[in-house]
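1. got a predicted structure plus its sequence, pasted below:
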2 protein chains.
Amino acid sequence: MKKTERSSYEKLEQVVGCKWSVSVLHEIGSGTKRPGALERAIEGISTKVLSERLRKLTDYGLLNKNKFPEVPPRTEYSLTQAGEQLVKIIEQIQQLDQEIN
Amino acid sequence: MKKTERSSYEKLEQVVGCKWSVSVLHEIGSGTKRPGALERAIEGISTKVLSERLRKLTDYGLLNKNKFPEVPPRTEYSLTQAGEQLVKIIEQIQQLDQEIN
DNA sequence: CAGTATCCAGACCGATACTG
DNA sequence: CAGTATCGGTCTGGATACTG
């Protein structure tokens, strides 16, 4: 994505720092699994961006992807173990956020 | 910065998602306090961006700023309590990061 | 329904010059 | 030394149309 990165925080920045990533992780953590439902649940996100995030988070090992060979096609995403840990950490930051304000 | 934000993750994205923010927080957490030293310690960051980050993190209540009325001017930054908590959380994510890869 | 391709406006970053 | 202003290139996100 960025090309001039080299710090050890690269991955953190690319995952959490990407707009909508956190919302997507949180929503999936809340039980929403299918892209269509996610798109409806996360107000404001576009198809393209949702797809990009799902792909990236899957690539980074934070999401599992299950594609069912049906018509119409059905795909379900879920948190990996690492994904769940990240969600927990994100929730901590949320609380921190409230303390700040 | 962004203008079309409205999710509850806005702040998290704006703080952690900003390039270099995490590095700056971490470096200050490691004891580096003055802008000049930070600029040298954080390889690749520019004056302008460092200033922006310091300002934003200060505005967000993550950093304390101490300006001394001396010549030449001296300024020192330190983590607020919230800043320290955030640094701890970031370190957790670092560990998670290692598990992912 | 899931996912991709395209187009465009604007945001961010980087480098640098400059002020107090 | 700390901090701001400017400028240019690049990348991202948003909207939409489209494919399987």
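-> Arrived safely.
2. how about residues contacting the longest helix along chain A?
-> Under DSSP state H, the helix in chain A containing the largest number of residues is helix A:81-100. Here helix A:81-100 makes contact (CB atoms under 8 Å, 6 or more residues apart in numbering or on different chains) with A:15-16, A:22, A:25-26, A:28-29, A:57, A:61-63, A:79, B:8-9, B:11-12, B:16, B:60-62, B:82, B:85-86, B:89, B:92-93, B:96, B:99-100. Placement of C-beta: from N, CA and C, glycine included.
3. now whichever strand or helix holds residue A:48: mean pLDDT?
-> Element membership of residue A:48, judged by DSSP states H and E, is helix A:47-59. Regarding helix A:47-59, the rounded mean pLDDT is 97.
4. again, but for stretch A:86-96
-> On average, stretch A:86-96 scores 85.
5. centre of the chain versus stretch A:32-46, how much separation?
-> Centroid displacement of stretch A:32-46 relative to its chain, using CA atoms, centre = their mean, to the nearest Å, is 11 Å.
6. quick one: end-to-end distance for it.
-> End-to-end span of stretch A:32-46 (CA to CA, to the nearest Å): 16 Å.
7. could you do stretch A:24-39 as well?
-> Start-to-end, stretch A:24-39 (CA to CA) is 9 Å.
8. next one: stretch A:28-46
-> 16 Å.
9. repeat for stretch A:16-33
-> 20 Å.
10. re earlier: can you list the neighbours in contact with the helix holding residue A:48?
-> A:14-15, A:18-21, A:24-25, A:35, A:38-39, A:42, A:63-65, A:77, A:83.
11. re earlier: can you flag the buried ones in the contacts of helix A:81-100?
-> Buried members of these, scored by 16 or more other CB atoms under 10 Å in any protein chain shown, are A:15-16, A:22, A:25-26, A:28-29, A:57, A:62-63, A:79, B:9, B:11-12, B:16, B:60, B:62, B:82, B:85-86, B:89, B:93, B:96, B:100.
12. cheers, nothing more for now.
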